[in-house]
Structure formats: structure tokens, C-alpha cells
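Undergrad: Attaching a predicted model along with its sequence, questions to come.
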Amino acid sequence: MAKSLGQMANEVSAWAITKGWEPDPDRTFGDEIALIHSEASEALEAYREIKLDARTNPVIHLPSCNPTIYPQINCGCIGKPDDVASEYADILIRLLHYSKKYGIDLEEQYERKMQYNRQRVWRHGGRNL
């Protein structure tokens, strides 16, 4: 069963705390917007390099994992995804993180905005880009 956006936001928020990203009193709202934007820029760079192909960088083992000494143990380390799809996931992760931080219910706001969008005229705004 798929997770709801609320469930994912809770998961991301808990992860951010365990990894030391929250609380961060020095990070501003503007910093957070810039971080979302940086993930979008990374998606563009990935597209320029490899289009929509999947790419995972080689495994770099964590200091706590030493497969040379213990080759029989599967340490669980995986390579870093580095493609458009993974950057889109990073955008979603940041949106979930900050929406939880600010008490924004993304499911509710999605419905609110789509209700408005459905009434818009064809190619509203008239711009090409």
C-alpha cells in the first residue's frame, strides 16, 4: 500500500532529526527555498548529461562497514542514485520536510490548488515557457 504524503512527511521529518538537519535555527525560509531550487537545478544537469537514463554511482562503503575484513557480511551499503528521477525525489523530500516543519498539509493544498486549476482556461497566461 502506498504511503500518504502526510506519512511520508512524518518519515522525512523524523529522518531529518536523526541525521542532525533539524532543528536548525540558522537556516532561513529563503535558504530552504534555495535548497529546493538547487535540487531542481541538479535535475536539469542530470538531464543534460544522461537525459532520463538511470544512473547509480558506485558503492562507497561507510566507515562502520569494512567488507575487506568481513566479506561474508552484507553491509547494506548502496551506490548513490544520480539521475533526474533521484533529483525529483530529492525535491519531494525537501518539500515534505519543510511542509511538515511549517504545518502545511500538502494533500489538502494539492486538492485546493487543483480545484482552482481545473477552472482555468486553455494555456492560461499565454506564455510559451
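TA: All right, it came through fine.
Undergrad: which residues does Pro25 contact?
TA: Counting by Cβ atoms under 8 Å, 6 or more residues apart in numbering, Pro25 makes contact with nothing. For every residue, glycine as well, the C-beta is placed using N, CA and C.
Undergrad: mind checking pLDDT for it?
TA: We have a pLDDT of 95 for Pro25.
Undergrad: three-state assignment of it?
TA: Here Pro25 is recorded as coil under DSSP: H, G, I helix; E, B strand; the rest coil.
Undergrad: Check the gap between it and Arg94 for me.
TA: Per Cβ to Cβ, to the nearest Å, Pro25 is found 18 Å from Arg94.
Undergrad: and the lengthiest helix in the chain, average pLDDT?
TA: What stands out as the longest helix in the chain, according to DSSP state H, is helix 29-50. Per-residue pLDDT over helix 29-50 has a mean of 98.
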